[in-house]
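1. quick one, fold the following:
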Amino acid sequence: MTTKTFIIACTCAVIATGCIGKRSNSADSSTQNAATTTEMQKEMTNEELMAKAISLSEDNVSNGGGPFGAVIARDGKIIATGVNRVTAQNDPTAHAEVSAIRAAANALGTFDLSGCEIYTSCEPCPMCLGAIYWARLDKVYFANTKDDAKAIGFDDSFIYDELALPRSERSLHSEEMMRDEALNAFRMWKQKSDKTEY
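-> Numbering: from 1, shown residues only. Have a look, this model is predicted:
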């Protein structure tokens, strides 16, 4: 392997793990060590991909993160992984699935992850499920259920309950304001001929 080939391979591995552009401490670095170059090149079974997600979740607990890991693959090959770094990064959106989606989109250079599948150590929360739909992933595989998560203190059921309620009955109060002014951006978008739809 030439030096140039080695550098390219290492760069691809780093991009796929979502490490570029992030400040990280030792715990972040170890848990973001998503997949080795060998793992990324190897075609894996569904069981192997899920085992990787589960292994990431266990490693993340040991490194100060939440018990969640995710792998995004295409044609059985790992594109990117993610772990839960909510407390480590003070980012309430840094769930494993969202982190994996960000890393995969960065690695592939597209927001459309059609053709990819996600393997997650736990059934996705409402936020992550929404992100999975927006990313257009083909399928979700999960290990632990939302009831398993609830049993250890990660209870998302109230969010599902809230979404089913009319806005006026939700515990999080919201108020519509300045709709007429805000609609102008929507009109501009609708009329824009060179927009990239998503």
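
2. so where's the longest helix in this structure?
-> Longest helix in the chain, counting residues (DSSP state H): helix 46-62.

3. what about that helix, distance to the chain center?
-> 14 Å (CA atoms, centre = their mean, to the nearest Å).

4. and after that helix, which helix or strand comes next?
-> Per DSSP states H and E, helix 46-62 leads on to strand 69-74 as the next helix or strand towards the C-terminus.

5. residues contacting that next one, please?
-> 34-35, 44, 49-50, 52-60, 78-84, 96-97, 99-101, 103-104, 113, 115-121, 137 (CB atoms under 8 Å, 6 or more residues apart in numbering). Every residue, glycine included, has its C-beta placed from N, CA and C.

6. mind doing that once more with 7 Å?
-> 49, 52-54, 56-57, 60, 78-83, 96-97, 100-101, 104, 113, 115-121 (CB atoms under 7 Å, 6 or more residues apart in numbering).

7. I'd like the next helix or strand past that strand.
-> By DSSP H and E, the next helix or strand past strand 69-74 is strand 77-83.

8. so, low pLDDT: which residues of the chain?
-> For the chain, the stretches with pLDDT under 70 are 1-35, 37-38.

9. pick out the residue nearest the middle of it.
-> In the chain, the centroid-proximal residue (CA atoms, centre = their mean) is Val98; its distance is 2.2 Å.

10. part of a strand, is it?
-> No: judged by DSSP: H, G, I helix; E, B strand; the rest coil, Val98 forms no part of a strand; its state is helix.

11. so what's Lys195 closest to, chain neighbours aside?
-> Trp189 (6.4 Å; CB to CB, 6 or more residues apart in numbering).
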